[in-house]
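Colleague: Sequence plus predicted model, see below.
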Amino acid sequence: MRAAIFIEPAGLLADIDPTRGGFGRLFELRPEASAPLAALKRAGFLLIADANEHGLLHAGVGRGELDQMHEALRCAFSLDDILVCRHDDGDACPCRKPRPGLVTEAAFKWHLDLERSFVVGNRWQDAEMARMAGCVSLLVKSPWIGRGHHDFVLPDLASVAWKILDLKDGAHAVPRGTTLSHDPAGADQNLTPIEDLT
């Protein structure tokens, strides 16, 4: 069975702001995420983006624009899959984070070992989803991580990647001198997520 990295795209892989309007202004990729994700891919992990998207639909973002965003994310970061929930809390959908439905769906589809998989996010919902699914959670520090259970809280995505590589069999997939961030001195300055749109 394989292991996966589940990652929240908003604020970590891209800046998404529906108030700006138009695809080019609505959605901007974060190039600093490329090197950390590439290192994790080389280590043998599947890369799966997971997101609640009701907030974007409610804000007027069309399904066509969401499809464009997904395709851009796949191409930019070599994602293996993108799983989304488009319901709101009132629907009690088992796939809406913090419920673990997206993770369990992926586990069935990709034959994953969830105990060896990791959830990377920037909100408390990501950590709670990881806890319920039996994965390890790694949160990038943000105002939205809350006070609940977190396995690890780290300053930036490069730090998250190194921690995962440390935890994976105690071995690194890339040499220690390799740079996993375009701006190692201040990568965390560009990783603050936008307001919660979910």
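Modeller: Yep, it's here.
Colleague: can we go C-alpha only for contacts and neighbour counts from here?
Modeller: Will do.
Colleague: Check the gap between the nearest residue to residue 95 once chain neighbours are set aside and residue 94 for me.
Modeller: Excluding the flanking residues, the one nearest residue 95 by CA to CA, 6 or more residues apart in numbering is residue 101, at 3.8 Å. Distance, residue 101 to residue 94, using CA to CA, to the nearest Å: 5 Å.
Colleague: Check residue 87 too.
Modeller: Applying CA to CA, the value for residue 87 to residue 94 is 10 Å.
Colleague: So those two - more neighbours on which side?
Modeller: residue 87 (18 against 15; other CA atoms under 10 Å).
Colleague: now the more buried one: how far from residue 95?
Modeller: Plainly put, residue 87 is 9 Å away from residue 95 if you go by CA to CA.
Colleague: so what's in contact with the two at the same time?
Modeller: Counting by CA atoms under 8 Å, 6 or more residues apart in numbering, no residue touches both residue 87 and residue 95.
Colleague: Any stretches of this structure with poor pLDDT?
Modeller: Applying pLDDT under 70 to the chain flags residues 18-26, 54-62, 169-198.
Colleague: Repeat the analysis, applying 80 as the threshold.
Modeller: Along the chain, the parts satisfying pLDDT under 80 run over 16-27, 53-65, 87-90, 169-198.
Colleague: from the middle of its chain, how far away would stretch 127-143 be?
Modeller: In terms of CA atoms, centre = their mean, to the nearest Å, the centre of stretch 127-143 is found 10 Å from the chain centre.
Colleague: Contacts for it, please.
Modeller: By CA under 8 Å, 6+ apart, the list of residues contacting stretch 127-143 from outside reads 97-100, 103-104, 114-123, 126, 145, 148-157, 160, 191-193.
Colleague: Quick one: buried ones out of those residues?
Modeller: Neighbour counting by 16 or more other CA atoms under 10 Å classes 97-100, 103-104, 114, 116-123, 126, 145, 150, 153-157, 160, 191-193 among these as buried.
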